[in-house]
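Enquirer: got a sequence here, can you build the structure:
(2 chains)
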2 protein chains.
Amino acid sequence: MAEIVEVADLADPRLADFRDLRDVDLRVSLEAEHGLFLAEGAKVVRRAAEAGFTPRAFLLQPKWVDGLADVLVATDAPCFVLPEREIEQVTGFHLHRGALASFERKPLPDLASLVGRPGRLRIAVLEDLVDHGNVGLIFRNAAALGVDAVVLTERAADPLYRRASKTSMGNVYAMPWTRVRGMEDILRVLREHDVVPVALTLADDAITLDELAAMQHERLAFVFGTEGAGVHPKTEAQVDHRVLIPMEPGVDSLNVAAATAVTFYATR
Amino acid sequence: MAEIVEVADLADPRLADFRDLRDVDLRVSLEAEHGLFLAEGAKVVRRAAEAGFTPRAFLLQPKWVDGLADVLVATDAPCFVLPEREIEQVTGFHLHRGALASFERKPLPDLASLVGRPGRLRIAVLEDLVDHGNVGLIFRNAAALGVDAVVLTERAADPLYRRASKTSMGNVYAMPWTRVRGMEDILRVLREHDVVPVALTLADDAITLDELAAMQHERLAFVFGTEGAGVHPKTEAQVDHRVLIPMEPGVDSLNVAAATAVTFYATR
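Expert: Now for the predicted structure:
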């Protein structure tokens, strides 16, 4: 059972995991250095625990001590309890959902282990997608629509960062994922395991998503690029198919999260 | 040609359209009272002008006076020019894109006029969707994926509100839309014009989206409900089909914006 700690002093060094959450740069380096991540909201916190991550500490409004009793009973991590306003002073922002927890990260798996099993496979590859909200939404879409694993390039946003896990509704924790430095390595490992890499593009000489679906590939990896520039030309040149979601003329493309939902659905 | 005004005093009453943009309640009542809306970002501003809305005023960083010259040349509205920091003082928030404009609203059309023309028709009905970001994203999906018009219930968020037009990438301006007080009236008008209303649901006794697509209805209206509660049970009971996007067990539903993208794509 977690030890319930009534915090007497907001400067208590044991609150370190929860400080200055609005400072993205600080948080990214702090979380990397200590191998931790933060979960926000009772549902997201519970999902992280259910997925087997080890809690480091909790920071809760009083009402959430009962609300998360099932999670707290299974850990020895300290649970700091503070009123809403004082949590705001520690974290530096207004916490809508009144529940925070920090967890230990786990080592990331090899890509080969994620694509090693035979049979039907759907992989999402996020090339340099830097927006945490989009990355979270894509994990949510992937989990709902039968994607088996997500691969991120080195520059892509951290799925365990608070904003990403929040927009994913906690689906970043159970979904298998890893990070691989460069696209060459990703494409090589995919091919070694008979996974067909395709890139979503806006180029009008690409095949359509319906044409891809009709090919009935058993093992597919979809590469999605940044909203601005899309998939890198070098990557487009190396995949087996460039794939277009047909859209009305004169309209901007779908945002990348919507494009993933359509792609996963059409090829499920 | 717009008159370029170098503002001497930030309290200048002519800046009224642009004050306190972070105060949603204030803005909603002010924009309703004066029949105006705000567009943010050069691209979104240009789209509003291209869609035929009449500019009231512009508030630009100096660099955007050239960037929006094509828009400014076609209007007599005043164009206030201020450095980034002073714009921030007027609006109360940091403006990433340095260009704002206010426009006159136009009267909303009758629903009957939006569904009156014969032939293939796709309508999105947003029942009480209150999140401006989601409403904007749905307009973007609708524009990209061949939806002809959007109908909102009385409580649904304003598509012309700054945050909605921004997430829509300005696609709220050219897309025909209207607002109708209650679902009964919406369903009645749809039926009078041979449009088949269907509701997206999570109920597992619904037909699947693929089954709906296979029916090849020529004229369809999709009702989407709030993220929390979904479509109202009363509405579900009145539509012709309840439709489910099949998802993996144990996973949250797609968010409503992703669900619209999948729905529009699968039935286009």
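
Enquirer: hey, let's count contacts and neighbours off CA atoms from now on
Expert: Will do.

Enquirer: show me what contacts the spatially closest residue to residue A:244 that is not a sequence neighbour?
Expert: What sits nearest to residue A:244 in space, not counting adjacent residues and going by Cα to Cα, 6 or more residues apart in numbering or on different chains, is residue A:208, at 4.7 Å. By Cα atoms under 8 Å, 6 or more residues apart in numbering or on different chains, the contact set of residue A:208 is A:243-246.

Enquirer: after the worst-scoring helix or strand of chain A on mean pLDDT, which helix or strand is next?
Expert: None of the helices or strands of chain A scores lower by mean pLDDT, DSSP states H and E than helix A:24-34, at a mean of 77. Downstream of helix A:24-34, the next assigned helix or strand under DSSP states H and E is strand A:36-40.

Enquirer: for the record, mean pLDDT for that next one?
Expert: Averaging pLDDT along strand A:36-40 gives 94.

Enquirer: within range of chain B, give me the residues from the stretch 151-268 of chain A.
Expert: A:169, A:171, A:246-249, A:251-254, A:257-259, A:261-262, A:265-266 (Cα under 8 Å from any Cα of the partner chain).

Enquirer: what subset of those is buried?
Expert: A:169, A:171, A:246-247, A:251-254, A:257-259, A:261-262, A:265-266 (16 or more other Cα atoms under 10 Å in any protein chain shown).

Enquirer: hey, where'd the strands end up in the stretch 51-200 of chain A?
Expert: A:55-60, A:79-81, A:99-104, A:121-126, A:149-153, A:177-180, A:196-201 (DSSP state E, counting those that start in this stretch).

Enquirer: pipe those into CSV and attach mean neighbour count per row.
Expert: What follows is the strands of the stretch 51-200 of chain A, written out as CSV (neighbours: other Cα atoms under 10 Å in any protein chain shown):
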stretch, mean neighbour count
strand A:55-60, 25
strand A:79-81, 23
strand A:99-104, 24
strand A:121-126, 25
strand A:149-153, 23
strand A:177-180, 20
strand A:196-201, 24
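
Enquirer: now render the ones you listed as CSV, adding mean pLDDT.
Expert: Shown next, in CSV, are the strands of the stretch 51-200 of chain A (pLDDT from 0 to 100):
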stretch, mean pLDDT
strand A:55-60, 96
strand A:79-81, 95
strand A:99-104, 95
strand A:121-126, 98
strand A:149-153, 97
strand A:177-180, 96
strand A:196-201, 97
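
Enquirer: pull the longest helix from chain A.
Expert: The single longest helix within chain A, with elements called by DSSP state H, is helix A:132-144.

Enquirer: which helices and strands sit right next to that helix?
Expert: Applying 3 or more Cα pairs under 8 Å, 6 or more residues apart in numbering or on different chains; DSSP states H and E, one finds that helix A:132-144 contacts helix A:162-167, helix A:171-174, helix A:256-266.

Enquirer: how about CSV for those helices, with mean pLDDT added?
Expert: What follows is the helices and strands packed on helix A:132-144, written out as CSV (pLDDT from 0 to 100):
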stretch, mean pLDDT
helix A:162-167, 94
helix A:171-174, 96
helix A:256-266, 97
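
Enquirer: now the ones you listed in JSON lines, with distance to residue B:151?
Expert: Below are the helices and strands packed on helix A:132-144 laid out as JSON lines (distance: least, Cα to Cα, whole Å):
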{"stretch": "helix A:162-167", "distance to residue B:151": "26"}
{"stretch": "helix A:171-174", "distance to residue B:151": "32"}
{"stretch": "helix A:256-266", "distance to residue B:151": "21"}
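
Enquirer: okay, now the residue nearest to residue A:45 when sequence neighbours are not counted: neighbour count?
Expert: The shortest distance from residue A:45 to any non-neighbouring residue, by Cα to Cα, 6+ apart, is to residue A:39 (5.2 Å). Neighbour count of residue A:39, defined by other Cα atoms under 10 Å in any protein chain shown: 27.

Enquirer: with the one 5 residues further on instead?
Expert: The number of residues packed around residue A:44, counting by other Cα under 10 Å, is 25.

Enquirer: where does chain A dip in pLDDT?
Expert: Along chain A, the model assigns pLDDT under 70 to no residue.

Enquirer: can you list the domains in it?
Expert: By the assignment in automatic domain parsing, chain A contains the domains A:4-104, A:111-266.

Enquirer: rewinding a little: so the residue nearest to residue A:45 sits right up against residue A:100, yeah?
Expert: Yes. Between residue A:39 and residue A:100 there is a contact under Cα atoms under 8 Å: 5.7 Å.

Enquirer: overlap in contacts of these two?
Expert: Shared contacts of residue A:39 and residue A:100 (Cα under 8 Å, 6+ apart): residue A:45.

Enquirer: contact partners for the residue nearest to residue A:171 when sequence neighbours are not counted?
Expert: In space, and not counting its chain neighbours, residue A:171 is closest to residue A:140: 5.6 Å by Cα to Cα, 6+ apart. Taking Cα under 8 Å, 6+ apart as the criterion, residue A:140 is in contact with A:167-169, A:171-172, B:252, B:254.

Enquirer: ok, now which ones touch the most centrally placed residue in chain A?
Expert: By Cα atoms, centre = their mean, chain A has its centre lying nearest to residue A:159, at 2.8 Å. The contact partners of residue A:159, by Cα under 8 Å, 6+ apart, come to A:132, A:135-136, A:165, A:172.

Enquirer: just put those in JSON lines and tack on neighbour count and distance to residue B:106.
Expert: JSON lines is the format used below for those (neighbours: other Cα atoms under 10 Å in any protein chain shown; distance: Cα to Cα, whole Å):
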{"residue": "A:132", "neighbour count": "22", "distance to residue B:106": "37"}
{"residue": "A:135", "neighbour count": "28", "distance to residue B:106": "37"}
{"residue": "A:136", "neighbour count": "28", "distance to residue B:106": "37"}
{"residue": "A:165", "neighbour count": "30", "distance to residue B:106": "40"}
{"residue": "A:172", "neighbour count": "30", "distance to residue B:106": "43"}
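
Enquirer: could you give the number of residues near residue A:237?
Expert: Residue A:237 has 11 nearby residues by other Cα under 10 Å.

Enquirer: so how far is residue A:89 from it?
Expert: 50 Å (Cα to Cα, to the nearest Å).

Enquirer: now do residue A:200
Expert: Going from residue A:200 to residue A:89 by Cα to Cα gives 44 Å.

Enquirer: before we move on, back to that, who does the residue nearest to residue A:45 form a beta bridge with?
Expert: For residue A:39, the beta-bridge partners are residue A:101 (DSSP bridges).

Enquirer: quick one: contacts for it?
Expert: The contact partners of residue A:39, taken as Cα under 8 Å, 6+ apart, are A:45, A:48, A:100-103, A:162, A:165-166.

Enquirer: can we see that at 10 Å?
Expert: Shown in contact with residue A:39 (Cα atoms under 10 Å, 6 or more residues apart in numbering or on different chains): A:45-49, A:55, A:58, A:99-103, A:160-166, A:170.

Enquirer: same question for residue A:76.
Expert: Going by Cα under 10 Å, 6+ apart, residue A:76 touches A:1-4, A:54-57.

Enquirer: the same query, at a cut-off of 7 Å, please.
Expert: Residue A:76 is in contact with A:1-3, counting by Cα atoms under 7 Å, 6 or more residues apart in numbering or on different chains.

Enquirer: just the buried residues of these.
Expert: Judged by 16+ other Cα under 10 Å, buried ones among these: residue A:2.

Enquirer: so can I have a markdown table of the contacts of residue A:76 showing secondary structure and distance to chain B?
Expert: Putting the contacts of residue A:76 into a markdown table (DSSP: H, G, I helix; E, B strand; the rest coil; distance: Cα to the nearest Cα, whole Å) gives the following:
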| residue | secondary structure | distance to chain B |
| --- | --- | --- |
| A:1 | coil | 27 |
| A:2 | coil | 27 |
| A:3 | coil | 31 |
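
Enquirer: mind putting the contacts of residue A:76 into CSV with distance to residue A:11?
Expert: Conversion of those to CSV gives the following (distance: Cα to Cα, whole Å):
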residue, distance to residue A:11
A:1, 25
A:2, 21
A:3, 19
